[in-house]
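Chemist: Build the 3D model from these lines:
(one chain, ligands or ions: 3)
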Amino acid sequence: MEANIKLLQRMTEWAGFGAKTEQLIFAQFNELLTKVPLLYFVLLVSSLALTYTYYGVAPDYLTVHVAAFLSVACVLRAFKWYRFRFQNFTQLQALHQIRMTVLFSIIMGFGFSIWGFALYGYGDISLRVHVAYYMSVTVIGIIVCLLHLPAAVWSTTLTVGAPFVVFFVNTGELIFVAIAVNFLLVAAVLVLITLSYYRAFSNVIAAKEELQTQHQHTQQLNIQNELLANLDGLTELANRRSFSKHLSQKLRENIDKQCFVVALIDLDGFKPVNDIHGHAAGDRVLKEVSQRLIKVLKGKGFLARIGGDEFALVIDHDNCHEAIQSLGNNITKEIQKPFEMRTGLVQISGSCGFAIYPEGGESVDELMDSADFALYEAKTASRGSSIIFSGEHKRLIKQKSKLELALNQSIKNSELSLNYQPIVDGKTGEIIALEALARWNNPELGMVPPDEFIMIAEKSGMVTEITLCLFEKAVRDLKNWPEHLFLSFNLSVHDVMNQHTLQRLSEILQEHCVSEQRVQLEITETIMMSDLEHCSNTTKMLQQKGFMIALDDFGSGYSSLSYLHKLAFDNLKIDRGFVKNLLEDPRSQGVVKTIVELCSSFNVSCTVEGVETAKQRDLLLTLGCQQMQGYYFYRPAKIEDLKL
Ligand code: C2E
Ligand code: CA
Ligand code: CA
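Modeler: Numbering: from 1, shown residues only. Ligands and ions are numbered 1, 2, ... in the order given. Just a heads-up that it's a prediction; the model follows:
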């Protein structure tokens, strides 16, 4: 059954009756626009010739009236098709005209055949031959003209050709039988050629159509790619690339130097959200932040997400610092509102740095650098604040680059040295370890505080060299200390992330025949939180080598007790911020007590930093603290000045 259906399908396709696409319909219609008028011209000329030869022989109603009627029909049809050239057709209308053409080929075919047979009855042999000639030539002419319309080819062949063959074979006269057989063979060949031509024609159209669809598809893909390349997939805001494009276009078009503002917004404490609540929660926070920012901006400005938790904004604004500051406040306030997560409420903050065009810079890079500088200042001043880039910042940048240059020379000129601050047993005052603290004394700049120059070294890529140089100094000193004392050494964020630096630390110890067990590495809580997973892997690896790990400045950043169990460490250093108000503030006392208890439950030791008075020491002892560090016991000093 199925095979029969398939065979039937193939036969209809072979005969030119297959399904038609829109393109094929229009292609056929376009071909007919030129061919149909030609067809009627052929028919008209042949019919007039036959009328002429039969005039006076056959009755007038045949030679004059019928011929005139058929001719007028031809002219009208030809004219109609000629006029189609200047009209627009829908697919349905075109299809209708194609069908009409098939219908007319049947009607006209019958009409002219009957007329021909009627005339045949009146002529002598030569006139009859003319009828045979007229009919055969006309059918062949029509078939050629309707090459692109197989239905019409079939209908003409069957309505005119078939009666023609039957009629002339039946006359029994040899010459007509010969003409009929000759016509039959030629017409059959012609139909076959026509069908094969039509198949090729429809294949070309189908191929064109396929090409067109492919082209459209490629175009759509291109548009999609372009969109994706400029869009941040998560928040659907513009991305860094499109932000830069937008900013440079704005600068190009801003011929009259209209004032506008570039802002960089960075989330504080976003990383812990990812680490503690999972990436899905992190994504939701980012989406929500982008929605809140859009709300604050009321649809104005060009907002983009240019990095993990970094957003950027360009907005037309007048150079009014108060108004810009108030925009900054609105932005940071909105970010500070808690986020509802499945795992509970999450709170983060956002800092904001503004650069105003043109004071803050006249190019994309300058404006971005200025906004970035202001952002950094905002983050260090107080998280969740916003700062506008100013002349004072410009001066600071200059000073920093001066510092950078001097720092570069400091290593060669041996300007870097170490001070040591003991870590003691709070009860007995006995020294347990010495923390190495970097010092830089520059002839021109004087003493530069370590947190300041370490930060510059980190930014300019000099920190590895400085760390390794200081570590070597410290290890040389350590060799002269009593066996029970260990060295506590501070690492910067770059050191923790750099496998090479960590590897070199072990090598330096080996070169000096000192065991890793005599060294504690201090890593600040903020470094740990910047990449919890990486840091916990690194600290585990360092512990395996024999190093002790101290979690430094605990409580100064986004400390969350809930992540402590994820980290590998041996000692927790409570930030001196808690000790400062310890005597007056019962909350600080509570926090310190809780941390001390937590440490003992984790089986790690705990050191309190910044102990400055005997009263603080006594209170800390009652809270359970053992190890302490601070000016009360020792100030950082040169190794020679410490009696070990
Ligand atoms: P830190 O690791 O928290 O070091 C303790 C800082 O607190 C030292 O400041 C120390 O002088 C100060 N300090 C100690 N006891 C007291 C006290 O009782 N009261 C007060 N107010 N302060 C006290 P310093 O030497 O200026 O170092 C500052 C920071 O610079 C260090 O903080 C550390 O983060 C960084 N740093 C110092 N040396 C190095 C180093 O060699 N490498 C790295 N990467 N960072 C270093
Ligand atoms: Ca430290
Ligand atoms: Ca510390």
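Chemist: any weak-confidence spans in the stretch 1-150 of the chain?
Modeler: Filtered on pLDDT under 70, the stretch 1-150 of the chain yields the residue ranges 1.
Chemist: same thing but 50
Modeler: For the stretch 1-150 of the chain, not a single residue meets the criterion pLDDT under 50.
Chemist: residues in it within reach of ligand 2, list them.
Modeler: Counting by CB under 5 Å from the ion, none of the residues of the stretch 1-150 of the chain come close to ligand 2. All C-beta spots, glycine's among them, are computed from the backbone N, C-alpha and C.
Chemist: Could I get the full set of helices for the stretch 1-150 of the chain?
Modeler: Under the criterion DSSP state H, counting those that start in this stretch, the stretch 1-150 of the chain contains helices at 2-14, 22-54, 60, 67-84, 91-120, 125-145, 150-156.
Chemist: And for the first one, what's in contact with it?
Modeler: So the one you mean is helix 2-14. 18, 195, 199 (CB atoms under 8 Å, 6 or more residues apart in numbering).
Chemist: and what of the last one?
Modeler: Judged by CB under 8 Å, 6+ apart, the contacts made with helix 150-156 from elsewhere in the structure are 15-17, 101-102, 105-106, 109, 139, 142-143, 146-147, 191, 194-195, 198.
Chemist: Sketch out the strands for the stretch 401-550 of the chain, chain order is fine.
Modeler: Ranges of strands in the stretch 401-550 of the chain, per DSSP state E, counting those that start in this stretch, are 416-425, 431-442, 446-448, 486-490, 519-524, 548-554.
Chemist: Spell out which residues belonging to this protein are near ligand 3, please.
Modeler: 552-553, 609.
Chemist: Now narrow those to whatever sits close to ligand 1.
Modeler: Residues of the residues of the chain next to ligand 3 in contact with ligand 1 (CB under 6 Å from any ligand atom): 552-553.
Chemist: Out of the residues of the chain next to ligand 3, the closest to Ser370 would be?
Modeler: Using CB to CB, Asp553 comes nearest to Ser370 of those, at 29.6 Å.
Chemist: I'd say Val591 and Phe554 touch.
Modeler: No: Val591 lies out of contact with Phe554 (CB atoms under 8 Å); the separation is 10.3 Å.
Chemist: more crowded one of those two?
Modeler: Phe554 (26 against 18; other CB atoms under 10 Å).
Chemist: one step back: in PyMOL, select just the buried ones from the contacts of helix 2-14.
Modeler: Buried residues within the contacts of helix 2-14, by 16 or more other CB atoms under 10 Å, are selected in PyMOL with:
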select buried, resi 18+195
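Chemist: out of the contacts of helix 2-14, who's nearest Leu76?
Modeler: Nearest member of those to Leu76, counting by CB to CB, is Leu195, at 30.0 Å.
Chemist: Show residues contacting stretch 231-250.
Modeler: Counting by CB under 8 Å, 6+ apart, 229-230, 260, 262, 283, 286-287, 289-290, 302-307, 311-312, 314, 364, 367-368 sit against stretch 231-250.
Chemist: now do stretch 392-407
Modeler: Against stretch 392-407 from outside (CB under 8 Å, 6+ apart): 370, 373-374, 377, 440, 442, 444-445, 448, 452-453, 456-457, 459-460, 462.
Chemist: And Val496, how close does it get to Ile508?
Modeler: With distances taken as CB to CB, to the nearest Å, Val496 is found 17 Å from Ile508.
Chemist: of these two, who's got more company?
Modeler: Between Val496 and Ile508, counted using other CB under 10 Å, the more crowded position is Val496 (22 against 17).
Chemist: can you pull the contacts of the more buried one?
Modeler: For Val496, the contacting residues are 502, 523, 527, 535, 538, by CB under 8 Å, 6+ apart.
Chemist: Next step: those restricted to helices.
Modeler: Using DSSP state H, 502, 527, 535, 538 are the members of these that sit in helices.
Chemist: Return the distance of the biggest helix by length in the chain from the chain's centre.
Modeler: Looking across the chain with DSSP H, the single longest helix is helix 174-230. Mean C-alpha position of helix 174-230 versus that of the full chain (CA atoms, centre = their mean, to the nearest Å) differs by 41 Å.
Chemist: mind listing what's buried in whatever helix or strand comes next after that helix?
Modeler: Scanning forward in sequence from helix 174-230 by DSSP states H and E, the next helix or strand is helix 240-253. Using 16+ other CB under 10 Å as the test for burial, helix 240-253 gives 240, 242-244, 246-247, 250-251.
Chemist: follow-up on the earlier one: closest to Arg476 out of the contacts of stretch 392-407?
Modeler: Taking CB to CB as the measure, Arg476 lies nearest Trp440 of these, at 18.6 Å.
Chemist: Not counting its neighbours along the chain, what's nearest the closest one?
Modeler: Val448 (4.7 Å; CB to CB, 6 or more residues apart in numbering).
Chemist: Next, count neighbours for that neighbour.
Modeler: Val448 is flanked by 20 other residues according to other CB under 10 Å.
Chemist: my read: it touches Met455, true?
Modeler: No: look at Val448 against Met455 with CB under 8 Å: they stay out of range, at 10.8 Å.
Chemist: ok, back up a step: tabulate the strands of the stretch 401-550 of the chain in a markdown table, adding columns for mean pLDDT.
Modeler: Formatted as a markdown table, the strands of the stretch 401-550 of the chain follow (pLDDT from 0 to 100):
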| stretch | mean pLDDT |
| --- | --- |
| strand 416-425 | 98 |
| strand 431-442 | 97 |
| strand 446-448 | 93 |
| strand 486-490 | 98 |
| strand 519-524 | 97 |
| strand 548-554 | 96 |
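Chemist: Let's have the ones you listed in a markdown table, adding distance to Ile179.
Modeler: Listed next are the strands of the stretch 401-550 of the chain as a markdown table, based on distance: least, CB to CB, whole Å:
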| stretch | distance to Ile179 |
| --- | --- |
| strand 416-425 | 117 |
| strand 431-442 | 116 |
| strand 446-448 | 117 |
| strand 486-490 | 114 |
| strand 519-524 | 108 |
| strand 548-554 | 110 |
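Chemist: can you give me the mean pLDDT across stretch 190-198?
Modeler: For stretch 190-198, mean pLDDT rounds to 92.
Chemist: Can you name the residues in contact with that stretch?
Modeler: The list of residues contacting stretch 190-198 from outside it, by CB under 8 Å, 6+ apart, reads 14-16, 140, 143-144, 147-148, 150, 153-154, 157.
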